[in-house]
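# Sequence isn't available, so here's the structure alone:
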DNA sequence: AATTTACGTCAGTGATGTTGACATATCTCA
DNA sequence: TGAGATATGTCAACATCACTGACGTAAATT
């Protein structure tokens, strides 16, 4: 059973520096995030390897499915990688027929990304694996846990990025 | 459902449902884990770069500090990487004087790992950065959120690994 | 004495990221 | 219309961090 450090009390904590006393370091939450993330992406990795793909391909495919018609610039802004890094994996996804690029109508410089049928199949397979893991974890917790976890994870995001990310998540599907 | 817990701050952006129906896909929790993890390790990365280190060094240093006297085999089991991968970063940490290897007393084949003074300084700097981020996230949530999040993250860990990991977390420091 | 264990090391490879420079097509604006 | 900005593509070089496979050494175990 994971133990957590007592929640820092704003009234009695250090007033000036925001300094963290060594006793208030939540080692378990730090390490659980490491272990959880490792195993959470580990499952999809095995499936992706069947196709000769890696995590980078997964991320691209995932967000293309989530936001059909996404442009390169928008995808770069989500993934926070360089266009050269993106281009390598995106090119492979296009060449293997998992993702499709359509030249913009309004702006012909843009490339709008869409998943093909097989792209959707693969993405669905991966996302269902992850959903299963999440739903099993939530199944042992109170109904409001999902909300708590979502708020916690949102709180870990860089403040400068948070609003944009939450806007992305809240946008209609 | 009446809200039994007062929502601390609902005005700072789009709401997160975290809602999960059986069989549905919790896209927000999937993506929040990605964004949260990205930013959570992003801070330390910048500090590590000052020393010419990367994430791999961070992980080694972190667990060495958490379990002084750890052996190579134990560290490999935690990190789930090959000894060749570990050896490269560990060698750098030893050569730069952040980690110390002591030959075992009972079993002279073993190498017990310890952080040096500067190793402790660096590790503390990094862990405080992460603690600050976590404590800020928890600060907006109910006191029992930490426990909920810990249980959730533990639930994401591979079942075969979970017991070992929880044992690690529960061990005395 | 033979075998196993713990660790170290050499060599090659692959995935994913980076910086920097340059090309091309298209859009915008004065 | 012509200049400049923008969106994307590409080439080249490089760094980090992972992998497999093979081999070596010292110490423990049987």
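Here it is on my side, so go on. All figures in this text were calculated on a predicted structure; none of them were measured in a lab. Numbers count the residues shown, from 1 in each chain, chains lettered A, B, ... in the order given.
# interface residues of chain A facing DNA strand C?
Counting by Cβ under 7 Å from any atom of the strand, chain A comes close to DNA strand C at A:52-57, A:59, A:79-82, A:84-85, A:88-89, A:104, A:106-109. Backbone N, C-alpha and C define where each C-beta goes, glycine included.
# now the closest residue to DNA strand D within chain A, what's its secondary structure?
As assessed by Cβ to the nearest atom of the strand, DNA strand D sits closest to residue A:73 within chain A, at 3.0 Å. The three-state label given to residue A:73 by DSSP: H, G, I helix; E, B strand; the rest coil is helix.
# That one: how many residues sit nearby?
11 (other Cβ atoms under 10 Å in any protein chain shown).
# where along chain A do the strands fall?
For chain A, the strands defined by DSSP state E cover A:70-71, A:99-103, A:111-115.
# any idea how chain A splits into domains?
Chain A breaks down by automatic domain parsing into domains covering A:26-140, A:142-173.
# If you average pLDDT over each of those domains, which is lowest?
When the domains of chain A are compared by mean pLDDT, domain A:142-173 comes last with a mean of 94.
# what does chain A have sitting close to DNA strand D?
Applying Cβ under 7 Å from any atom of the strand, one finds that chain A approaches DNA strand D through A:71-73, A:83-84, A:87, A:90-91, A:101, A:107, A:109-111.
# Show me which of those is closest to residue B:67.
Closest approach between these and residue B:67, by Cβ to Cβ: residue A:84, at 39.4 Å.
# can you give me the helices in chain A?
Ranges of helices in chain A, per DSSP state H, are A:27-50, A:55-66, A:72-79, A:83-95, A:117-139, A:145-156, A:159-170.
# Please enumerate residues in contact with the last one?
It stands for helix A:159-170. Helix A:159-170 is contacted from outside by A:67, A:77-78, A:154, A:157, B:12-16, B:27-28, B:31-32, B:35, B:39, using Cβ atoms under 8 Å, 6 or more residues apart in numbering or on different chains.
# Name the nearest residue to the residue most central in space within chain A, ignoring sequence neighbours.
In chain A, the residue lying closest to the centroid (Cα atoms, centre = their mean) is residue A:59, at 7.6 Å. Setting aside the residues directly before and after it, residue A:59 is nearest to residue A:79 in space (Cβ to Cβ, 6 or more residues apart in numbering or on different chains), at 6.0 Å.
# and if you look at residue A:63?
In space, and not counting its chain neighbours, residue A:63 is closest to residue A:78: 5.6 Å by Cβ to Cβ, 6+ apart.
# From residue B:69, how far off is that neighbour?
Applying Cβ to Cβ, to the nearest Å, the value for residue A:78 to residue B:69 is 43 Å.
# More neighbours: those two, which one.
Using other Cβ under 10 Å as the criterion, residue A:78 and residue B:69 rank with residue A:78 on top: 20 against 12.
# that older thread, residues contacting the residue of chain A closest to DNA strand D?
Counted by Cβ under 8 Å, 6+ apart, residue A:73 has contacts residue A:110.
# How much space separates it from residue A:83?
Using Cβ to Cβ, residue A:73 is found at 9 Å from residue A:83.
# do residue A:30 as well
Counting by Cβ to Cβ, the gap from residue A:30 to residue A:83 is 33 Å.
# Equivalent analysis for residue A:46, please.
Distance, residue A:46 to residue A:83, by Cβ to Cβ: 29 Å.
# Neighbour count: the two, which is higher?
Legend: neighbour count by other Cβ under 10 Å for residue A:46 and residue A:83, higher for residue A:83 (12 against 9).
# and the closest residue to residue A:119 other than its chain neighbours, how many neighbours does it have?
In space, and not counting its chain neighbours, residue A:119 is closest to residue A:98: 3.8 Å by Cβ to Cβ, 6+ apart. Using other Cβ under 10 Å, residue A:98 has 24 neighbouring residues.
# Please apply the same query to the one 4 residues further on.
Using other Cβ under 10 Å, residue A:102 is surrounded by 11 other residues.
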